[in-house]
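Colleague: dropping a prediction and its sequence here:
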Amino acid sequence: MTDYMHSFDLFEPASVEEAAQLADKYGKDGWIIAGGKDSFDWFKDRHKRPQAVINIAGLKQLHGVKDNGDHVAIGAVTTLTEIEDNKLLQKNFPLLTAAAAKVASPQIRNAGTIGGNVSQDTRCSYYRDGFPCYRAGGNTCYANTPTAMNREHALYDAIRCVAVTPSDTGPALVALEAEMIISRKGKIRTVPAEKFFIGPAVDITRMTVLEKGDILTEIRIPKKWSGAKHYFEKIADRQTWDFALVSIAMVAKITGGKVSDVRVACGGVQCTPRRLTTVEDLMKGENVGAEMERLAKRVAAQGAKALNYNHFKIPLMGNLAARAVRSLT
Ligand SMILES: Cc1cc2nc3c(=O)[nH]c(=O)nc-3n(C[C@H](O)[C@H](O)[C@H](O)COP(=O)(O)OP(=O)(O)OC[C@H]3O[C@@H](n4cnc5c(N)ncnc54)[C@H](O)[C@@H]3O)c2cc1C
């Protein structure tokens, strides 16, 4: 039976400190929600049954976008709509506002938060449907068998699990060299976005460094890439309410017709946003133009290992890399 939730104790903490105490007290039996747009699916399908749900959406401390001089700070419970519409972000980081605007549907963006977007669990349909796979504590990857349906799954780093990151804002934050601020029992740590997302080789049960008791409080984006060229594109089966098959996020600085610095990341191809360092390396110091586009297309998916049904992602990565380069001219 789906579509009705198990019962749980709902907490509405009044401060980050109180939320952290609750998260610490309940540990593995606790669950933080912000917009709830990922969490409610788990609860309604009854595959996850936390005893305590800690709602942080109302915490003003974690809300809003601030210009802090050398960086912009985004509170973790800022909604995706607020990010999409924010003038400071539109001016400095159009890559992020474009990515936020591509998430799901307006209704989901109105409630879904940036913190929830980067912390959400994978959408592998076997795992989400409650199959006892490796990620769920079992000993099989049901998406990687001869008959499995795996067109949405990974091309890289598929160690026991072929699930991919579903977050649209993740690749943009990796490209922008964002920093994630995490609070645990009153102690704060800072993790670069690139290290925030983790693959199955690190811990197959998680998608990020966040462990029970951790609260992502803020995302800081350095102004380093403000004023650079930004490009975001997401390919999905449908234009709205659909996850990326492959997405690309690029920031590039052009000086005298040459690329002086660049970062490129793809979503939908591995468990974490994937930096396309081969593309970055061939672009740096070179003239923007048709030759760069041709080479980017050729090397973008280097090392990819297709599953039965996701070969199409290889040319898709190449085409997206070529289009990102073309956007520079
Ligand atoms: C129909 C549908 C379509 C979707 N399409 C897309 C899409 O196209 N692209 C995309 O990127 N996503 C998509 N999503 C996924 C997701 O729901 C949204 O991206 C949304 O941003 C999640 O944010 P939330 O605040 O609602 O998350 P929640 O459900 O509140 O939280 C998600 C997870 O993050 C954890 N979490 C949340 N905030 C914090 C925090 N501050 N600190 C620590 N942990 C935290 C929660 O414990 C939970 O595990 C879709 C969801 C649905 C239901």
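Modeller: That came through, no problem.
Colleague: which parts of the chain sit against the ligand?
Modeller: Applying CB under 6 Å from any ligand atom, we find that the chain lies next to the ligand at 31-39, 41, 56, 76, 80, 103-104, 108, 111-113, 115-117, 119-120, 166-168, 210, 214-216, 241-243. Heads up, the C-betas are built off the backbone N, CA and C, glycines and all.
Colleague: do a quick rundown of the strands in the stretch 151-300 of the chain.
Modeller: According to DSSP state E, counting those that start in this stretch, the stretch 151-300 of the chain carries its strands in the segments 179-184, 187-192, 215-222, 229-235, 246-255, 258-267, 274-275.
Colleague: mean pLDDT added to these, as JSON lines?
Modeller: What follows is the strands of the stretch 151-300 of the chain, written out as JSON lines (pLDDT from 0 to 100):
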{"stretch": "strand 179-184", "mean pLDDT": "96"}
{"stretch": "strand 187-192", "mean pLDDT": "96"}
{"stretch": "strand 215-222", "mean pLDDT": "98"}
{"stretch": "strand 229-235", "mean pLDDT": "98"}
{"stretch": "strand 246-255", "mean pLDDT": "98"}
{"stretch": "strand 258-267", "mean pLDDT": "98"}
{"stretch": "strand 274-275", "mean pLDDT": "98"}
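Colleague: mind putting those into CSV with mean neighbour count and distance to T140?
Modeller: Conversion of the strands of the stretch 151-300 of the chain to CSV gives the following (neighbours: other CB atoms under 10 Å; distance: least, CB to CB, whole Å):
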stretch, mean neighbour count, distance to T140
strand 179-184, 20, 32
strand 187-192, 11, 31
strand 215-222, 22, 31
strand 229-235, 21, 29
strand 246-255, 24, 26
strand 258-267, 23, 26
strand 274-275, 22, 25
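Colleague: would you reformat these as JSON lines and include distance to Y4?
Modeller: Compiled in JSON lines, these are given as follows (distance: least, CB to CB, whole Å):
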{"stretch": "strand 179-184", "distance to Y4": "33"}
{"stretch": "strand 187-192", "distance to Y4": "36"}
{"stretch": "strand 215-222", "distance to Y4": "28"}
{"stretch": "strand 229-235", "distance to Y4": "33"}
{"stretch": "strand 246-255", "distance to Y4": "34"}
{"stretch": "strand 258-267", "distance to Y4": "32"}
{"stretch": "strand 274-275", "distance to Y4": "38"}
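Colleague: check contacts around D261.
Modeller: Taking CB atoms under 8 Å, 6 or more residues apart in numbering as the criterion, D261 is in contact with 228, 252-253, 284.
Colleague: residue of the chain closest to the ligand, please.
Modeller: Distance from the ligand to each residue of the chain (CB to the nearest ligand atom) is smallest for G116, at 2.2 Å.
Colleague: you'd agree that residue is up against W31?
Modeller: No. Using CB atoms under 8 Å, G116 is not in contact with W31; the gap is 11.8 Å.
Colleague: higher neighbour count, the two?
Modeller: The residue with the greater number of neighbours, taking G116 and W31 and applying other CB atoms under 10 Å, is G116; the counts read 25 against 20.
Colleague: doesn't the more buried one fall inside a strand?
Modeller: No. Following the definition DSSP: H, G, I helix; E, B strand; the rest coil, G116 is helix and is not counted among the residues of a strand.
Colleague: run a quick neighbour tally on the closest residue to it other than its chain neighbours.
Modeller: Spatially, and ignoring its direct neighbours in sequence, G116 is nearest to A34 (4.4 Å; CB to CB, 6 or more residues apart in numbering). Here the number of neighbours of A34 (other CB under 10 Å) works out to 27.
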